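Peer 1: coordinates only, sequence not included:
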């Protein structure tokens, strides 16, 4: 349910249409989405996830000393 809310309410219409075209002829799987750095939420999500992978282990290592 949450994924549908994100897709239908937060994405611009042209991107939703692009997803419909991509998923039109798939049989065994579907494309959930793709990262478009022109859209601020996509860029922020990528930055947060990437920095967490690098910074959190380093912070844990230095906090143990």
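Peer 2: Arrived safely, thanks for sending. Please read all numbers here as calculations on a predicted model, not as lab measurements.
Peer 1: which helix is the longest one in this structure?
Peer 2: Longest helix in the chain, counting residues (DSSP state H): helix 40-64.
Peer 1: tell me which residues of that one are tucked away?
Peer 2: residue 42 (16 or more other Cβ atoms under 10 Å). C-betas here are computed from N, CA, C, even on glycine.
Peer 1: how far away is residue 42 from residue 53?
Peer 2: In this view, residue 42 and residue 53 are 17 Å apart by Cβ to Cβ, to the nearest Å.
Peer 1: swap in residue 64?
Peer 2: Shown here: residue 64 relative to residue 53, a distance of 19 Å by Cβ to Cβ.
Peer 1: so where is this protein shaky, pLDDT-wise?
Peer 2: Within the chain, the stretches with pLDDT under 70 are 1-11, 28-34, 65.
Peer 1: Apply 90 and report the result again.
Peer 2: Low-confidence regions of the chain, defined here as pLDDT under 90, cover residues 1-51, 53-54, 58, 64-65.
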